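Visitor: fold the stuff below for me.
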Amino acid sequence: MSLDPVELLDILGNENRRRILQLLSFRPFYFNEMAKRLDVGPKAIIDHLEMLERAGLVECYQEQGRRKYFRIARKTVLEVSLSPHSYGVRAYLSEDAPGREDTNPAHDLNNLREELAGLEGKRLELRRLLEQIESREMEIKRIACQAVQGYAENQLEAEILSALFCGDDDASRLAEKLEMAEAVVADRLKQMKERGAVHIADHKWSIR
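Guide: Numbering: from 1, shown residues only. The predicted model follows:
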């Protein structure tokens with residue numbers, strides 16, 4: 001299933017939808033029960049559930065022909081990366097679907113608690129590593145922005161070189177990223193190519 005991270009951000013921007021998902025993270029609920037727990041009208045709960053269901057975040061099922069229950073459909077990860085030099089959003093699915101694990105009561109609760117604590121430790125370790133990576137990434141981009149000034153003759157060239165530093169691209173996409181006319185960007189790229197600052201291969205420009 002393809003996930004649109006921007007759509008998911010819009011969906012999760014609503015407080016009541018976030019409260020519904022938080023409630024469903026504990027166990028399945030039927031909509032009337034959710035309405036009482038959250039102090040939200042049944043009609044509003046149904047509307048929110050329909051949107052969450054269309055997005056693939058929740059699913060419904062019936063137990064032996066009785067009332068309809070809702071549960072989180074699968075583990076979905078939504079990541080937002082934001083820094084002074086970059087912005088990115090991505091969403092992806094995990095095969096570990098909530099509510100589908102072995103719930104054998106013979107499991108030792110103490111062992112499960114220790115395993116959960118171990119996972120939390122790994123999560124903190126990964127978070128620290130991610131912070132280190134992001135810090136180094138920002139430092140590299142800051143140094144690159146300073147270095148770009150030595151190759152650029154003006155601000156327009158500096159912006160083009162900064163964009164190319166993040167990845168090779170064609171003139172059309174560069175113009176779109178920089179919100180400039182394609183002809184202006186293409187002309188400036190040709191001038192920089194003559195000076196040996198950039199080169200082109202397979203219709204994509206890159207820093208030499």
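Visitor: show me where this structure has its strands.
Guide: With DSSP state E as the criterion, the chain has strands at 29-30, 58-62, 68-72, 75-83, 86-94, 198-201, 204-207.
Visitor: who wins for proximity to residue 165 among the ones you listed?
Guide: With distances scored as Cβ to Cβ, the stretch of these nearest to residue 165 is strand 204-207 (6.3 Å). Where you see a C-beta, it was placed from the backbone N, CA and C, and this is true even at glycine.
Visitor: reformat the strands of the chain as JSON lines; add distance to residue 162 and mean neighbour count.
Guide: Listed next are the strands of the chain as JSON lines, based on distance: least, Cβ to Cβ, whole Å; neighbours: other Cβ atoms under 10 Å:
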{"stretch": "strand 29-30", "distance to residue 162": "49", "mean neighbour count": "18"}
{"stretch": "strand 58-62", "distance to residue 162": "42", "mean neighbour count": "14"}
{"stretch": "strand 68-72", "distance to residue 162": "41", "mean neighbour count": "18"}
{"stretch": "strand 75-83", "distance to residue 162": "14", "mean neighbour count": "12"}
{"stretch": "strand 86-94", "distance to residue 162": "11", "mean neighbour count": "12"}
{"stretch": "strand 198-201", "distance to residue 162": "12", "mean neighbour count": "14"}
{"stretch": "strand 204-207", "distance to residue 162": "10", "mean neighbour count": "17"}
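Visitor: by mean pLDDT, show me the worst of those strands.
Guide: Among those, strand 86-94 has the lowest mean pLDDT, at a mean of 76.
Visitor: so which of the strands of the chain is nearest residue 38?
Guide: Between residue 38 and those, the shortest gap by Cβ to Cβ is with strand 29-30, which sits at 9.7 Å.
Visitor: follow-up on the earlier one: just send the strands of the chain back as TSV, with distance to residue 142 too.
Guide: As requested, these are exported to TSV (distance: least, Cβ to Cβ, whole Å):
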stretch	distance to residue 142
strand 29-30	48
strand 58-62	42
strand 68-72	40
strand 75-83	10
strand 86-94	12
strand 198-201	21
strand 204-207	17
